[in-house]
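Novice: Below are the sequence and a predicted model for it; my questions follow.
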Amino acid sequence: MTVKVENSLEYLEQVMEETQQYQDLGVMASYIPELLKADPKAFSLCYADVNGSIVSVGSTDQTFTLQSVSKVITFGMAIQTHGKEQVFKYVGTENGGMPFDDIRNISEKVVNPMVNAGAIAVAGLLHEHYGSRVSGLIAEEVKKLAGVDQVCHDMDVYYSELATATKNKAIAHYLYHMGLLPGQVEEVLETYILQCALLGDTQLLAKIGATLANGGVRADGVRVWSRDTVEVVVAVMANCGMYDHSGDYMARVGIPSKSGVSGCLMGVAPGKGGVSSYAPNLNEFGNSLRGTLALESLSKKMGLNIFIP
């Protein structure tokens, strides 16, 4: 079953109403102080199909930092520039079953690029390739994937995160020690934190999801990534994108997704479209509590589960 996007607004409205009872549950990411300034009751839900139609409900003009959703972008960029075999010398594709900021995700290489250690290693590859231009080019890649004219950074969040990044600093130095971090530790870490501070909204994320759902081709026909790159990126999202909750999430929701600790979620329903949500309170896994439940409900209503024909 596939629901036409013009008929889907009622489903989004239903999901928003169904999940309102969960708006006070969960907690915001207090280890990044600037994120605590968000409205804990804010909620937005958006769906964009591969043909360019888009519908959204809730706080549609609410912006937030992409945080770990940016890992999808940089992972794809690294495959585009280095090739997947080179990238897989630094990161793998397995879910380690450990928290996303755990240094134990590192052994011979990092378990996957969706945890902090893997994303920092990927940032190292990109920094090695592009040098000081890398942060601007990551922002450009977001613009290309979404087909938008402007993307900027929230520098207040960047400085807040940089000041409290003790775990990520330890991870970066350990990666360097293990030979898994090309480039200078501090420069790479700044690149990684700046990518997390990219600003967006649910429409931006849904459009990116739709581009990936269309094999790397935007609704206007422009190819941004190769089909091979998209296949790998979406597969790793499915296995690892929701951290150590990924298996249960995929069993319940069936949409390859990536979360960010700001409370955003981006999902990819191949051949159909992209879906996104924003609700800043997180569950015990570091994923948006209300957003996770919203995507589960929407998946059932709109037939987005990739495991159901």
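Specialist: Alright, I've got the coordinates. Just so it is clear, the structure is predicted and the values come from calculations on it, not from any experiment.
Novice: got the residue ranges for the helices in the stretch 51-200 of the chain?
Specialist: Listed in chain order, the helices of the stretch 51-200 of the chain (DSSP state H, counting those that start in this stretch) span 70-82, 84-87, 116-130, 134-146, 155-163, 166-177, 185-196.
Novice: Mean neighbour count, those helices: which tops it?
Specialist: helix 116-130 (a mean of 26; mean count of other C-beta atoms under 10 Å). The C-beta positions use only the backbone N, C-alpha and C, and glycine is treated the same way.
Novice: Let me see the mean pLDDT of it.
Specialist: The average pLDDT within helix 116-130 is 95.
Novice: Output the helices of the stretch 51-200 of the chain in a markdown table; the columns should cover distance to F307.
Specialist: Shown next, in a markdown table, are the helices of the stretch 51-200 of the chain (distance: least, C-beta to C-beta, whole Å):
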| stretch | distance to F307 |
| --- | --- |
| helix 70-82 | 21 |
| helix 84-87 | 24 |
| helix 116-130 | 25 |
| helix 134-146 | 25 |
| helix 155-163 | 36 |
| helix 166-177 | 34 |
| helix 185-196 | 31 |
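Novice: how about those, which one is nearest L205?
Specialist: helix 134-146 (8.0 Å; C-beta to C-beta).
Novice: Strands along the stretch 1-150 of the chain, start to end?
Specialist: In the stretch 1-150 of the chain, the strands defined using DSSP state E, counting those that start in this stretch lie at 44-49, 54-58, 64-65.
Novice: ok, the shortest one: who's next to it in the sheet?
Specialist: Looking back up the chat, that one is strand 64-65. Here strand 64-65 is paired, per DSSP bridges, with strand 199-200 (antiparallel).
Novice: How many residues are close by L298?
Specialist: Neighbourhood size, L298 [other C-beta atoms under 10 Å]: 28.
Novice: distance of G76 from K258?
Specialist: 11 Å (C-beta to C-beta, to the nearest Å).
Novice: what residues are up against N7?
Specialist: Neighbouring residues of N7 by C-beta atoms under 8 Å, 6 or more residues apart in numbering: there are none.
Novice: Repeat the analysis, applying 10 Å as the threshold.
Specialist: Taking C-beta atoms under 10 Å, 6 or more residues apart in numbering as the criterion, N7 is in contact with V55, M302.
Novice: in terms of contact, does A119 touch V87 like I think?
Specialist: No - between A119 and V87 there is no contact under C-beta atoms under 10 Å: 11.9 Å.
Novice: joint contacts of these two?
Specialist: Residues touching both A119 and V87 (C-beta under 10 Å, 6+ apart): F75, A78, P113.
Novice: All set now, cheers.
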